[in-house]
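Chemist: Build me a structure from this.
(3 chains)
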Amino acid sequence: MADQPNTMIGKVFLTKLIDWMNPKTTISFLLFLFSTCFVFAKTITICKTGCDFNSIKTAVDSSKSGDSLFIKTGLYKESNIVIYKKSLYITGEKGTVIDTQNKGYGFSVEATDIIIKNLTIKNIEVSYTKEYAAILLFKSYDFVIENITVERAFFGFLVQKSKDGIIKNNTISGEGKAEADSGNAIHLWHCENVKVLNNDVRRMRDGIYLEFGNSSYIANNYSTQNMRYGLHFMFSNDNAYENNTFEANGAGVAVMFSKRIKMFNNLFKKNWGTASYGILLKEINDAELQHNIFEDNTIGVNADGTNRITFTENTFKNNGYAIKVHGACYDNIYSKNNFLHNSFDLSYSGKLNSNKFENNYWSNYTGYDLDKDGIGDVPYRPVKLFSYLVNRTPESIVLLRSLFIDIINFSEKVSPVFTPENLIDNKPLMHKVTW
Amino acid sequence: MLKILKYSFFDLMRSSWSYVYFAFYLLLGIVLLFLNSDLSKAVITLMNVIIVLVPLIGTIFGVMYYYNSKEFTELLLAQPLKRSSIFLGQYFGVALSLSMSLILGLGIPFIAYGLFKSNAIWDFSLLLIVGVFLTFIFSALAFNIALSNENKIKGFGYAILMWLFLAIIYDGLFLMSLIIFEDYPLDKVSLIGTMLNPIDLSRTLILLKLDISALLGYTGAVFKQFFGTSFGLIISIFALIIWVALPVLRIIHKSKKKDF
Amino acid sequence: MVEIVDLHKKFGKNNVLNGVDLNINEGGIFAVLGPNGSGKTTIIKSILGMVIPDNGTIKVFNTNIKKNSNYRSKIDYLPQIANFPSNLKVIELIKMIKDLRGQTNNDQKLIETFKLQPFLNKKLGTLSGGTKQKVNLVLTFMFDSPIVILDEPTTGLDPISLIRLKELITVEKKKGKAILITSHIMSFVEEVADQIVFILEGKIYFKGSIEELKTKTEQNDFEHAIANILTKNHA
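Modeler: Down below sits the predicted model:
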């Protein structure tokens, strides 16, 4: 059921109260109070017949800041609805559909205090020159986008130079065939403090894309079948993402050129392909990964130029490669992780400098624990000779699990020649880590 | 042929070797399940064992049965029976009884452990299918070797050598040639190389199931088509069938020309 | 009944049969004799189709035996070494051969003749050589075929069984069967054989009755006659 317009304001008020502690929002809250004091807000209804307006566009154009717009059930063939410097609270009744008929944007917003809720927006124009989206937010602050279903999206929500917003409970899906003719479901560009929660994004280019997006929080989203990345960070610092599921995306999740990212409790699953991985870490510093599960990926973690990253209590299960490390990775610490039945636990090219593996559980470990302290008495070497060979001659992968390969792996284990001496887990655990 | 098959089969099912073989798999299954308490991991370990052991047992058993039943074969040869039916009957008798021991020996502990409720059932079925194929291939190869060698010791020697070659040495040479020619495109070559060895072929089938994620990491288009679609599965099964058919055809051919 | 024309067989470099011509067109007992390695067994096995000749034709009842297996239903064969699947019981083996070849009721009589009842439920692996040979004889004679080939039939037999065997051979002969026998026991041959086929160096050296052989070699005694052929040719 759609919210009643009067309670809408109350809700916004509550939301603002929650953000009370944040000084930035305080200012906007004061502005909000100010505006509601001097202009009497009213509720405008929109439907085909018998309401205040029969078009969303004319309703928006004739509304004043602080007004609530209630769109009743129906199909509205409208596009490029521009909201400029007005605080509006737009909600739809159940079954309200806006068909943009492949003409530009759905909503194009540049405003503070804006809420758009409970709508279905469909048929967004595909363009090779413009980034048409169901909702474009530009220089908007304190926004809420909630319960919006976008079908046949080009871009879903394009948020630019905006701050302090919430994007939640939305469903965005596209039908693009290639990366070039599809956009991103939720695209944040030069944004700050945006919360992306409980969204379902699929069949787009990127599921969620943060470019120059800082201090944002992304949680409980489900991102699948996107052509490129389920989640993508570029030049975005101090973000956290938690409890998300990324499944069967073209390349997985990419975290690139970003600092201080926290990644907790996410599930990275079934990202299969030649350039596919659970997560790509490229030029990342000081990140934390904890309680994530990497399952059935071609590569679980693909690390390239990552420094001071801690991997704690993650599970790597049935991946082709649990971790693949390219050059220039310094001071990363892997501890208390579970490595279960991966074809390769670790593969690296170049040098592995001062990376530390300690107290991990390796299902391939064959050592023993005579003193029964739960820690294997013989160290574990996660790099096999065979992974070195496969790096060199990729076709030799067809010999995986051959008896001959087992024999040479064993001889390498006994007297290492090719694999680095210091790449070792000195305290492998005898039992799986649980948390 | 069916009559001979029947007698060979029942003869073997009553021999102590079948029980040993059956007991071995039963024990293996129980121990693996006991140690791992995880069905899917037990299946993985089992795959490694099966790929090496089933060919070895198939080879030894095939050669042994042929030489042991030589006089009986001669008795049969004097009967109004076709040569091909005598040898094919014996061959299928051996292969079937070995397959039975394998399927029952492994099946019982796994079913008792709750296989039908687990999603490892497909992996397990594939494992048994591969095991049966390997049994048929290697007992056929063993019959070929025995048919071509009157000398028992020589026959055994060649059979063990063949197993050693296909199980280990082949892969060594294969790997070496891949490294030597690494500057050339090798994806087709490596797939063909796999097809030419039934053990590698069965391994590939299992890889398709277990390590598909790793296999898809390779960039070659041929690989991608082979491992990424059902193409690989179909081709592999087809190649396995050829691997059974060719030695069987040679048994027929060879048996027609042989003097006893 | 059996017609062999210009039979050649080599085993490796060893020429075993060198143009054998043999015609058996009436019933009777034919003893195939010759020194070790002369090709006796090879001829027999050629007739049975167990050895594939390099050259020459063999006809059994006017059908070429090449690529044929049905003609063997007209031949009973007693192999030299009787080694049966050791897991089978005697009765099972008899049943099995009957199953493979066709039904017959002669087995009961033969089991009686050789006193095999106590062994019927024993496994073949546990039997003595002589008992196995008796089982072998039962298997051979139970089908009543017009041609019988016996390779060393006396091996391991006790005197009573030997007498029974001789009686059996005589009875079969009277039915008009052609019986081919190889044996090293000359007294046995002399007692039962109508015709001697002597093979030497891959050829039929002599074919005829014992009397004719004695005349040819100018010896009074059969054993000496045989010895005479051998010494003359190897001197």
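Chemist: quick one: low-confidence ranges for chain B?
Modeler: B:37-38, B:40, B:213, B:219-220 (pLDDT under 70).
Chemist: what's near enough to touch residue 75?
Modeler: Going with chain A. Contact analysis of residue A:75 by CB atoms under 8 Å, 6 or more residues apart in numbering or on different chains lists A:97, A:99. C-betas here are computed from N, CA, C, even on glycine.
Chemist: Let me rephrase: I mean chain C.
Modeler: B:78, C:47, C:48, C:60, C:145, C:147, C:148, C:149.
Chemist: Provide the partner residues of the closest residue to the first one other than its chain neighbours in its beta bridges.
Modeler: Counting by CB to CB, 6 or more residues apart in numbering or on different chains, residue B:78 lies nearest to residue C:77, which is 3.9 Å off, once chain neighbours are set aside. With DSSP bridges as the criterion, residue C:77 is bridged to residue C:149.
Chemist: my read: residue C:77 touches residue C:47, true?
Modeler: No: using CB atoms under 8 Å as the test, residue C:77 is too far from residue C:47 to be in contact (9.0 Å).
Chemist: Need the overlap of contacts for these two.
Modeler: With CB under 8 Å, 6+ apart as the test, residue C:77 and residue C:47 both reach residue C:149.
Chemist: what's the closest non-adjacent residue to the residue in chain B positioned nearest to chain A?
Modeler: Nearest residue of chain B to chain A, counting by CB to the nearest CB: residue B:214, 3.0 Å away. Nearest residue to residue B:214, sequence neighbours excluded (CB to CB, 6+ apart): residue A:320, at 3.0 Å.
Chemist: what about stretch C:37-54, distance to the chain center?
Modeler: Taking CA atoms, centre = their mean, to the nearest Å, the mean C-alpha location of stretch C:37-54 is offset from the chain mean by 12 Å.
Chemist: Over to that stretch now: how far is its first residue from its last?
Modeler: End-to-end distance of stretch C:37-54: 18 Å, with CA to CA, to the nearest Å as the criterion.
Chemist: circling back to that earlier point, determine whether the claim that the residue of chain B closest to chain A is in a helix is correct.
Modeler: Yes: counting by DSSP: H, G, I helix; E, B strand; the rest coil, one finds residue B:214 located in a helix.
Chemist: before we move on, the earlier item: starting from residue A:296, give me the distance back to the residue nearest to residue B:214.
Modeler: 9 Å (CB to CB, to the nearest Å).
Chemist: Is residue A:185 in contact with residue A:225, as I believe?
Modeler: No: using CB under 8 Å, residue A:185 is not in contact with residue A:225; the gap is 11.1 Å.
Chemist: Give me the more crowded residue out of those two.
Modeler: Neighbour totals were compared for residue A:185 and residue A:225, and residue A:185 leads with 33 against 16 (other CB atoms under 10 Å in any protein chain shown).
Chemist: Nearest residue to that one in space, ignoring adjacent ones along the chain?
Modeler: Nearest non-adjacent residue to residue A:185, counting by CB to CB, 6+ apart: residue A:201, 3.6 Å away.
Chemist: Helix, strand, or coil at that neighbour?
Modeler: Under three-state DSSP, residue A:201 comes out as strand.
Chemist: Could you check the pLDDT of it?
Modeler: Note on residue A:201: pLDDT of 96.
Chemist: for the chain, what are the low-confidence residue spans?
Modeler: Just so you know, I chose chain A. Chain A contains residues with pLDDT under 70 at A:1-40, A:350-353.
Chemist: wrong one, chain C
Modeler: Looking at chain C by pLDDT under 70, you get C:81-83, C:233-235.
Chemist: What are the boundaries of the helices in it?
Modeler: With helices called from DSSP state H, chain C shows them at C:40-48, C:90-101, C:106-113, C:129-141, C:159-174, C:186-192, C:210-217, C:222-234.
Chemist: tell me which strands and helices the third one is in contact with?
Modeler: What it means is helix C:106-113. Under the contact definition 3 or more CB pairs under 8 Å, 6 or more residues apart in numbering or on different chains; DSSP states H and E, helix C:106-113 sits against helix C:129-141.
Chemist: Equivalent analysis for the shortest one, please.
Modeler: Applying 3+ CB pairs under 8 Å, 6+ apart, we find helix C:186-192 packed against strand C:28-33, helix C:159-174, helix C:222-234.
Chemist: rerun at 10 Å
Modeler: Here helix C:186-192 touches strand C:28-33, helix C:159-174, strand C:178-182, helix C:222-234, going by 3 or more CB pairs under 10 Å, 6 or more residues apart in numbering or on different chains; DSSP states H and E.
Chemist: Report the contact partners of residue 138.
Modeler: All of this refers to chain A. A:84, A:108, A:109, A:110, A:111, A:158, A:159, A:160, A:161, A:162, A:189 (CB atoms under 10 Å, 6 or more residues apart in numbering or on different chains).
Chemist: Can you look at chain C instead?
Modeler: C:90, C:93-94, C:97, C:106-114, C:116.
Chemist: Burial check on the residue in the stretch 201-350 of chain A positioned nearest to chain B, number of neighbours?
Modeler: Per CB to the nearest CB, residue A:320 is where the stretch 201-350 of chain A lies closest to chain B, at 3.0 Å. As a burial measure, residue A:320 scores 27 neighbours (other CB under 10 Å).
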